[in-house]
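Participant: how would this look folded up:
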Amino acid sequence: MELKKNPKADLTRNSAMYFVIGLFTVLVLTYVALEWKSYEGGNEYDISMNVDDELDEEVPMTEQLKTPPPPPPPAAPEVIEVVEDEEEIEETVIESTESNEEEEVMEVEDVEVEEVEEDVDVPFAVIENVPVFPGCENESNKRACFNKMMQKHISKNFRYPEIAQEMGVQGRVNVMFVIQKDGSIGNVRMRGPDKNLEKEAARIIAKLPKMTPGKQRGRAVRVPFSIPITFKLQ
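Facilitator: Prediction:
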């Protein structure tokens, strides 16, 4: 005999509702358990630290301190003794420096001022009396004679440096020097294309004789002079 299932007896029909009710119940119980608080019975307080504000004894008021008055000033002496200064002070007499009409005024002699000689360089082209080259003393045109004797001196003492010849070096060396107030040669300077040529030009100028110094307004002065020396290979 087969069993037949009653459609009204279906238990799974309201299962979702039962699940929601059970879940809500569990949440409520959990919340209550977390929020539950318990208190101990009886009020036990420690009253040992309580202090009564009332004082049985009265506190006396502090008496006001009185400051004693300052002592009186010392009495002034009855007699004041005056001590006389026995030392006599000499008075300083200031004499007047102004001259009277009766006094004789001494005449001051004229003071001689010595002229200080200044070292002045006067170029050869504008000097009044040119330096005299030895041998030009009797020449009327000493300036032209000086230039002529300079060229003659250079030609006589000229010597081409061997190292410059081997290297094929040539050119012009400008020589500048000063005829001093005593007629000697000084302050020699050279400018050229090669050191060997400059050295040879300095050697030639060093052989110049001592001259009669040039004069400006009758006084010996220094005379700058310059001359070119040409080095040319044959």
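
Participant: could you identify the helix or strand that succeeds the longest helix that the chain contains?
Facilitator: Secondary structure assigned by DSSP state H gives helix 15-35 as the longest helix of the chain. Using DSSP states H and E, the helix or strand that directly follows helix 15-35 along the chain is helix 142-157.

Participant: can you give me the buried ones in that following helix?
Facilitator: Buried residues in helix 142-157, counting neighbours by 16 or more other CB atoms under 10 Å, are found at 142, 145, 146, 149, 153, 154. (Each C-beta comes from the backbone N, C-alpha and C, glycine too.)

Participant: distance between the ends of stretch 181-189?
Facilitator: In stretch 181-189, first residue to last residue: 18 Å (CA to CA, to the nearest Å).

Participant: correct me, but residue 119 touches residue 222?
Facilitator: Yes - if you go by CB atoms under 8 Å, residue 119 and residue 222 touch, sitting 6.4 Å apart.

Participant: any shared contact partners between the two?
Facilitator: Overlap between the neighbourhoods of residue 119 and residue 222 consists of residue 181, taking contacts as CB atoms under 8 Å, 6 or more residues apart in numbering.

Participant: more crowded one of those two?
Facilitator: Between residue 119 and residue 222, counting by other CB atoms under 10 Å, residue 222 is the more crowded of the two (20 against 8).

Participant: residues near the nearest residue to that one once chain neighbours are set aside, how many?
Facilitator: Spatial nearest neighbour of residue 222, chain neighbours left out: residue 121 (4.9 Å); criterion: CB to CB, 6 or more residues apart in numbering. By the criterion of other CB under 10 Å, residue 121 has 12 neighbours.

Participant: now do the one 3 residues further on
Facilitator: Applying the criterion other CB under 10 Å, we find 17 residues in the vicinity of residue 124.

Participant: contacts only, for it.
Facilitator: 130, 131, 143, 214, 223, 224, 225 are the contacts of residue 124 under CB under 8 Å, 6+ apart.
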